Every structure is written in structure tokens, then in C-alpha cells.
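Asks: coords below, sequence missing:
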């Protein structure tokens, strides 16, 4: 019931529009005795959410609060350590997300869920999987910056080389690398191949490795790739490229942990994986800002929220940069994309309505990439910036 946010989850939530949705975010304490205050904080936020519903925000039906109320009696939710909680509810959805990063307190009733905090966490690369492969063991872990836990493998995933190949496995007493995986695979000369045991039996052992990797990859893709999380391969250096050469895993990263995972505990794996994920996230932010800078020189960029709104709805935006934690109170015309900020002379007050929450789903639907940036990195002061296609 309590899920980690994935790209697949976000894709489904971004489709939700046109009816009342309730959003609640809160930070949580992980340790006793502060942990005892988590349900108290939730109850206080729920009271604020109820006030918005009863005051007529987005014409929400009070019945939408019932599953939110029920969470107060979920002991597992309040006993489990986590850094934050996100609850999204509507007539057609109720999702509870366990967050590995803290979030600010927020309750909102609007015509679409508030998703900016979830997008920030998802894009920060916090959650990932680690696939550990040796001849004698296959293990899968899932975690984030704070914790890494082993995942129970589906029965179809081979646990080791012998199980994967059975009677087709080359006999151990044949010449070649005694571990079954040729060191000659990284050599190119004929003499090197001869030194490793010849081109015949050693080739058979190398083929064993390829079959083994194919069997692992096929089963992992079929049974453990649906989360959409980045996958980091932990394997000896000579096996990193060999595995990728046969892999069809959609989120397998180019960079892996090039060590023997059999000699690493969960803490060591988490430390290495977190470094890879953080480096990957920072590179993506740098790339997005560089794209904006280039487009600005070509007069194909803007940080004017009014211009961005109309461009989003016209399908002109290829990249939308959004300041994390920023709200822009106002409404967006769902036909033209015209932005009416709260407080303007002719504008209606839109209690709880946020311009960015309204623009992000349409931008994604029209093929734009949306990138959440830390405060101070978005060009200009509006809280958003965009690169235009034309």
C-alpha cells in the first residue's frame, strides 16, 4: 500500500485532470520519541485539508476524505521509518507514497494533483536498484540514499551459473579460466587466447558466461523492471561490458559498480550506488541549464510565466524548468494557456490553485521534458523557464 514513487507512477498521476483531487504532503520523524508525533502532524494537516474541502475548494466531495481518515488507523504506516509522506486522492485514485526525502507540509484541493514535490524526489535519482552478479550468486537490491534492502527474486531468476545452464554448463575440469569466465575475453591476440586455454574449450566457457548473463537479464526484465527505477550493475570489471552487450533492460545505467559484489555488504553497495546516482542527477541538471543558455542565445527561451503558459498549450515547449518548492497562485485558461495570476485587477482568487501544477501536466502531454531545479538555479525570478521548439 505504501509505495516508493517511480516514473511510472508519475506518468499515471500526470494524466489526472479535470476533477477535484486532494494532495497532502508531510515530513516524518524516523526515530523515537519524535516518531510518536507523526500521526499528530498528519491529523493536523488532515484538518486543514478538510477545511479546504468544506469551504468549497474545487467543488470537492467530502467523501474523498474518507480514505485519508482511514490512514490514521494504519499502524504499519506510523511504525515504519520514513522521511516523508505523500497522499494523493480523488474519485478514481488513492495513492500513499513513502518518501526517502523530507518534504514541506502542504495540503491542496485542485483540479489536478499537486505533483511538484514527487517530481523533485523522483528526478533527484534517490531510488534505484542494484543487480549483483557473480558466478555463484545473483542478488537484487532496492533502496535510496538512506537504506538498501535485498529484494526477493522471482523464481524464474537463476540464482547462479549452474542453475542457469544446468547440463549445458561447460565442465569445470576443462581448460580455461577456473572461474568459468575467461580473462582472455579482454585480450585480442591469438597468443593470448592460447595462453588462456586455447580457442576451443575456453570459447565454450566464454559462451557459458554470455548464456548466463542473457538468462539473468531476461528474467530480471520480465519480473523486476516494472518499477522503472535505474538499475546499477555490480560485477567485476571484466563482466561489466559483457553483461551490457547482451542486456535489454530499459533502465540499466552505463556506469556500474566495478567490484566483486560478493565482498561488499549493503552499506558498501549503497555508498557506491548513491555516488553514481548523485553524479548522474547533477549531470542532468547541468545539461538542462546548458540547453536553456544555448536557446536563449537563439531567442528560443523565456522565463516569463505568461509567455510560457501560452507556449505550453501551443506545444512549443521542449524543456520546462521549474523551481522546486515554488508555488505561483493563479489560474491557467485550459484552451489558450493564458495565465491569470491571483491578485491581478480582473482576476478571480483561485484558492489552492497553482499555475505550475496546471502547466506541468499539459507540458508533459505535449512532449516537453520537465526538470525540477533547486531554488536559485532557475533563470529569472518567475519560478519557471522554458526552451521553445520554434
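Replies: Great, that's in hand. Small disclaimer: the values here were computed from a predicted structure and weren't measured. Numbers count the residues shown, from 1 in each chain.
Asks: quick one: buried residues of the helix or strand that contains residue 150?
Replies: Per DSSP states H and E, residue 150 falls inside strand 148-151. Judged by neighbour count using 16 or more other C-beta atoms under 10 Å, the buried positions of strand 148-151 are residue 148. Quick note: C-beta positions are derived from backbone N, CA and C, even for glycine.
Asks: ditto for stretch 12-25
Replies: Buried residues in stretch 12-25, counting neighbours by 16+ other C-beta under 10 Å, are found at 13-14, 16-17, 20-25.
Asks: Out of these, which comes closest to residue 160?
Replies: residue 13 (39.3 Å; C-beta to C-beta).
Asks: The closest one is in contact with residue 97, isn't it?
Replies: No: applying C-beta atoms under 8 Å as the test, residue 13 and residue 97 come out as separate, 9.8 Å apart.
Asks: Give the full set of residues in contact with residue 72.
Replies: 39, 42-43, 46 (C-beta atoms under 8 Å, 6 or more residues apart in numbering).
Asks: now swap in residue 267 and tell me
Replies: Contact analysis of residue 267 by C-beta under 8 Å, 6+ apart lists residue 148.
Asks: contacts for the strand holding residue 150?
Replies: Applying C-beta under 8 Å, 6+ apart, the contact partners of strand 148-151 are 129-130, 139-143, 224, 266-267, 269-270, 273.
Asks: Now tabulate the contacts of residue 72 in a markdown table and tack on distance to residue 369, neighbour count and secondary structure.
Replies: Output for the contacts of residue 72, formatted as a markdown table (distance: C-beta to C-beta, whole Å; neighbours: other C-beta atoms under 10 Å; DSSP: H, G, I helix; E, B strand; the rest coil):
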| residue | distance to residue 369 | neighbour count | secondary structure |
| --- | --- | --- | --- |
| 39 | 38 | 18 | helix |
| 42 | 34 | 20 | helix |
| 43 | 38 | 11 | helix |
| 46 | 35 | 21 | helix |
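Asks: From the residues you listed, which shows the smallest pLDDT?
Replies: Among those, residue 39 has the lowest pLDDT, at 93.
Asks: Skipping its backbone neighbours, what lies nearest that residue in space?
Replies: Excluding the flanking residues, the one nearest residue 39 by C-beta to C-beta, 6 or more residues apart in numbering is residue 78, at 5.1 Å.
Asks: Give me the distance between the one you found and residue 268.
Replies: Per C-beta to C-beta, to the nearest Å, residue 78 is found 31 Å from residue 268.
Asks: One more: residue 335?
Replies: Counting by C-beta to C-beta, the gap from residue 335 to residue 268 is 55 Å.
Asks: So between these two, which is more surrounded?
Replies: residue 268 (15 against 7; other C-beta atoms under 10 Å).
Asks: OK, contacts around residue 324?
Replies: With C-beta under 8 Å, 6+ apart, residue 324 has these contacts: 116-117, 120, 372-375.
Asks: Repeat the analysis, applying 6 Å as the threshold.
Replies: 120, 372, 374 (C-beta atoms under 6 Å, 6 or more residues apart in numbering).
Asks: Considering these, which possesses the most neighbours?
Replies: Within the contacts of residue 324, neighbour counts (other C-beta under 10 Å) peak at residue 372, which reaches 25 neighbours.
Asks: Phi first, then psi, for that one.
Replies: For residue 372, the backbone dihedrals are phi -90, psi 130 (criterion: degrees, to the nearest 10).
Asks: Quick check: phi and psi at residue 311.
Replies: phi -70, psi -40.
Asks: Leaving out chain neighbours, which residue sits closest to it?
Replies: Per C-beta to C-beta, 6+ apart, closest to residue 311 is residue 317, 5.1 Å.
Asks: What separation is there between that neighbour and residue 112?
Replies: 18 Å.
Asks: contacting residues for the residue nearest to the spatial centre of the chain?
Replies: Centroid check for the chain by C-alpha atoms, centre = their mean gives residue 122 as the closest residue, at 3.8 Å. By C-beta under 6 Å, 6+ apart, the contact set of residue 122 is 5, 10.
Asks: Use 20 as the first number for this chain going forward.
Replies: That works, and once the first residue is 20, the last one we named lands at residue 141.
Asks: Compute the number of surrounding residues for residue 157.
Replies: Residue 157: 23 neighbours (other C-beta under 10 Å).
Asks: For it, give me its contacts.
Replies: Applying C-beta under 6 Å, 6+ apart to residue 157 gives the contacts 178, 235.
Asks: cool, residue 147 as well?
Replies: 248-249, 292, 296.
Asks: Swap in 10 Å and give it another go.
Replies: 160-164, 167, 246, 248-251, 270, 272, 289, 292-293, 295-296, 299 (C-beta atoms under 10 Å, 6 or more residues apart in numbering).
Asks: so who does the nearest residue to it once chain neighbours are set aside touch?
Replies: Nearest residue to residue 147 in three dimensions, chain neighbours excluded: residue 249, at 4.7 Å (C-beta to C-beta, 6+ apart). Residues in contact with residue 249 (C-beta under 10 Å, 6+ apart) are 26, 144, 146-149, 270-272, 292, 295-296, 299.
Asks: And those residues, which is closest to residue 111?
Replies: Closest to residue 111, out of all of these and judged by C-beta to C-beta, is residue 26, at 20.4 Å.
Asks: To what extent is that closest one buried, counted in neighbours?
Replies: 16.
Asks: likewise residue 55?
Replies: 10.
Asks: Surely it is in contact with residue 97?
Replies: Yes: look at residue 55 against residue 97 with C-beta atoms under 10 Å: they come within range, at 8.7 Å.
Asks: Go through this structure and flag its longest helix.
Replies: The residue-count maximum for a helix in the chain (DSSP state H) belongs to helix 285-316.
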